[in-house]
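# Below are the sequence and a predicted model for it; my questions follow.
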Amino acid sequence: MALHYRSGLWEGGVEETLLLDSGRSESRKTFTCAPCNRVVVVPFKCKPEEVGGFCMLEFRPVCPECHVIGTCTPFEKRLEQMEARKRLLTAMGMA
């Protein structure tokens, strides 16, 4: 289920149970960043711009680090590029 921000509240998304350093467990909303596939924990009562940004290419949220980059290359596309490069290097006898 996708994570949405409406009326000052986060709706949907995945709720993960986190184990804190104190040994206590806590449930928090999380999302997976579209470009880097990193799982991001959404702090309570935060605004979308505090969590990162939103990829209009995939219609998915992005982490703060990827939001700073400003371009969204989907994770699967990056994997395909790496695989294509490996095939090329193998065909040229360089891998």
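On my side now, so go ahead. Numbers count the residues shown, from 1 in each chain.

# List the buried residues for stretch 53-68?
G53, F54, C55, R60, P61, V62, C63, C66, H67 (16 or more other CB atoms under 10 Å). Placement of C-beta: from N, CA and C, glycine included.

# I'd like the distance from the longest helix along the chain to the chain centre, please.
If you go by DSSP state H, the chain has its longest helix at helix 75-91. Centre-to-centre, helix 75-91 and its host chain are 21 Å apart (CA atoms, centre = their mean, to the nearest Å).

# residue boundaries of the strands in this structure?
Counting by DSSP state E, one finds strands in the chain at the ranges 3-6, 9-12, 14-19, 25-32, 39-42, 53-55, 60-62.

# Out of the ones you listed, flag the one nearest K77.
Among the strands of the chain, the nearest to K77 by CB to CB is strand 53-55 (11.9 Å).

# Give me the sheet partners of that closest one and which way each runs.
If you go by DSSP bridges, strand 53-55 pairs up with strand 60-62 (antiparallel).

# what's the average pLDDT for the partner strand?
On average, the pLDDT along strand 60-62 is 83.

# How far away from the center of its chain is it?
Offset of strand 60-62 from its chain centre (CA atoms, centre = their mean): 6 Å.

# same thing with stretch 70-79?
11 Å.

# roughly how far apart are the most centrally placed residue in the chain and G93?
Most central in the chain under CA atoms, centre = their mean is C33, positioned 0.7 Å from the mean C-alpha point. Note on C33: its distance to G93, by CB to CB, to the nearest Å, is 36 Å.

# Many thanks, have a good one.
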